[in-house]
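>>> Need a 3D model of the following:
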Amino acid sequence: MLETDWSDSWRGAFRIELRAEAVGLAWRGWPVLPGTYPAGSQWAGRQGTENVGPVPVHRDWQERIGTKPEQVAAWWTGRPYSLLVATGVVLDAIEVDDSLGRKAAGVLRTFGMPVPIVATPAGRWLFLTKTGRSLRRELAADEQVKLHGAGSYVPLPPSPFEHGVVHWRVKPEICGWRLPESAVVQEALADALASPSRLSHISELVAAD
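Next up is the predicted model:
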């Protein structure tokens, strides 16, 4: 009985944390959405989503982009939904594997340019950027690099996965909630993919921002 009480208490606290994060981002204008959570949990919605991560619980999710914070709070009142953000509106996300993500983050640190970075338990890193730029040719040709723009979405912390939770590698507060130009992150990724002798143009891109 004690175990059940503790489990219920933990789930309630986790839902409150998810709701607080969702409302906070909604107040900043980020288009947050409720997402599914692992199929093995008590309140699971769609089955089998743990392999690919959470998906929106509403089929008309694109029509709900820009929902006011009050309604966002209501979404998380009863269930510990994952926290998703629609891309292509306020922000885009460039998704890579953890190895490339670490290298690119190191390049950005070298130039004193921290950017918001999300990591998932599935070994994927998401670099959040301003919207509107396609992937440059060498990145688009690499299977480990994926751009999330219009019509897509990504999970944000502390969304649950089957074997852990989504977490921040670099919180938006570190960057003053300022999203970088996509070109800056793409330059860092290109540097990380190339040989050590390649000269980076990140400093020029930052200066031009």
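>>> low-scoring stretches of the chain, by residue?
Where the chain drops to pLDDT under 70, the residues are 1-10, 39-52, 195-209.
>>> Can you show me the strands along it?
32-35, 82-86, 92-97, 117-119, 124-129, 146-148, 153-156, 160-161, 164-165, 167-170 (DSSP state E).
>>> The last one pairs with which strands?
It refers to strand 167-170. strand 117-119 (antiparallel) (DSSP bridges).
>>> can you tell me how far the residue nearest to residue 152 when sequence neighbours are not counted sits from residue 13?
Counting by Cβ to Cβ, 6 or more residues apart in numbering, the nearest residue to residue 152 once its immediate chain neighbours are dropped is residue 87, at 4.9 Å. Just so you know, the C-beta spots here come from the backbone N, C-alpha and C atoms, and that holds for glycine as well. Using Cβ to Cβ, to the nearest Å, we find residue 87 at a distance of 29 Å from residue 13.
>>> sorry, back to before: surely the residue nearest to residue 152 touches residue 146?
No - at 11.0 Å, residue 87 does not count as touching residue 146 under the criterion of Cβ atoms under 8 Å.
>>> So for the two, which residue has more residues nearby?
residue 87 (23 against 17; other Cβ atoms under 10 Å).
>>> Having no further points to raise, I will conclude here.
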